[in-house]
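> Build me a model from this:
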Amino acid sequence: MKLEFIPLYEAFEKYEDRCPICKIIEQEEKVYCERLLEDEILKDPEMYIKIGQTNFCRYHLELLNNSYDKLGLAIALKANISHKLQQIEEMSKTLKKKRRRKIEKEKCLVCKYLRERDAYHVHILLDILESDKDFVEKHSKGFSNLCFHHLDVLIGLAKNIAPQIDKIIELNKSTIEKNINDLEWFITKFDYRFHDEPWYDSKDSIERALKLLGGGYYD
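Numbering: from 1, shown residues only. Below is the predicted model:
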């Protein structure tokens with residue numbers, strides 16, 4: 001087995017109740033945010049510039065704020081705010097000019113990293129599906145919980161693995177249909193006529209729907 005295959009094999013074994021790829025990205029997000037505030041990263045001139053120039057999204061600013069390293073966060077924020085002040089000063093100098101130079105805004109550094117990691121893991125999964133024809137069958141539970149984002153990306157990139165993709169689509173179709181039925185029953189339960197009826201599997205239907213829809217939030 002190739003070394004790069006191992007994280008996905010482990011994810012599909014451990015995280016059967018949600019999208020395994022989302023779970024990997026979630027773990028890498030936490031590690032990356034913590035590393036951004038470490039001394040060796042902040043002392044790297046190239047990385048320090050990147051941190052200063054990025055436009056951290058609101059979500060990742062909150063995640064960084066929840067980090068244990070407040071000193072690292074303060075240094076990163078100083079770099080970021082200082083850069084933005086410099087941009088404002090440059091813009092103010094060109095206000096009287098007819099053609100103002102547009103200042104390009106960098107996207108969130110963490111979101112960019114996660115997009116790259118997401119694409120990497122999807123391509124590795126495609127390699128696994130090509131080399132291991134039984135992978136879908138062995139991990140049907142994990143595949144049945146792929147989020148819409150990763151299911152869509154897999155379908156879009158699949159070339160030589162049509163039979164595996166067909167299996168994955170069927171697995172997800174069953175899960176999605178069950179989620180719809182459970183949501184429908186959840187809604188029905190709010191009708192007083194069904195007050196005494198059991199909830200069945202509908203109590204967590206909203207949480208399952210959010211996981212289904214919430215994959216690939218980084219953009």
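
> C-alpha only now, for contacts and for neighbours.
Fine.

> Could I get the buried residue list for the lowest-mean-pLDDT helix or strand in the chain?
Least confident element among the helices and strands of the chain, by mean pLDDT, DSSP states H and E: helix 39-42 (a mean of 86). By 16 or more other Cα atoms under 10 Å, the buried positions in helix 39-42 come out as residue 42.

> And the helix or strand following it, what's buried?
Note on helix 39-42: by DSSP states H and E, the next helix or strand toward the C-terminus is helix 45-53. Under the neighbour-count criterion of 16+ other Cα under 10 Å, helix 45-53 has 48, 50-53 buried.

> Which two of these have the greatest separation?
Largest separation among the buried residues of helix 45-53 by Cα to Cα: 48 and 53, giving 8.7 Å.

> low pLDDT regions in the chain?
95-105, 216-219 (pLDDT under 70).

> in stretch 31-44, what's buried?
33-34, 36-37, 42.

> whoops, I mixed them up, stretch 159-179
So stretch 159-179, judged by 16+ other Cα under 10 Å, has buried residues 161, 164-165, 167-169, 171-172, 175-176, 179.

> Let's see which of those end up in helices.
Among the buried residues of stretch 159-179, the residues falling in helices (DSSP state H) are 164-165, 167-169, 171-172, 175-176, 179.

> Kindly reformat those residues as CSV containing distance to residue 145.
Below are those laid out as CSV (distance: Cα to Cα, whole Å):
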residue, distance to residue 145
164, 15
165, 14
167, 13
168, 10
169, 11
171, 8
172, 7
175, 7
176, 9
179, 11
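
> now, among the residues you listed, which is nearest to residue 196?
residue 179 (21.6 Å).

> How about the closest one: what's its closest non-neighbour residue?
residue 205 (6.0 Å; Cα to Cα, 6 or more residues apart in numbering).
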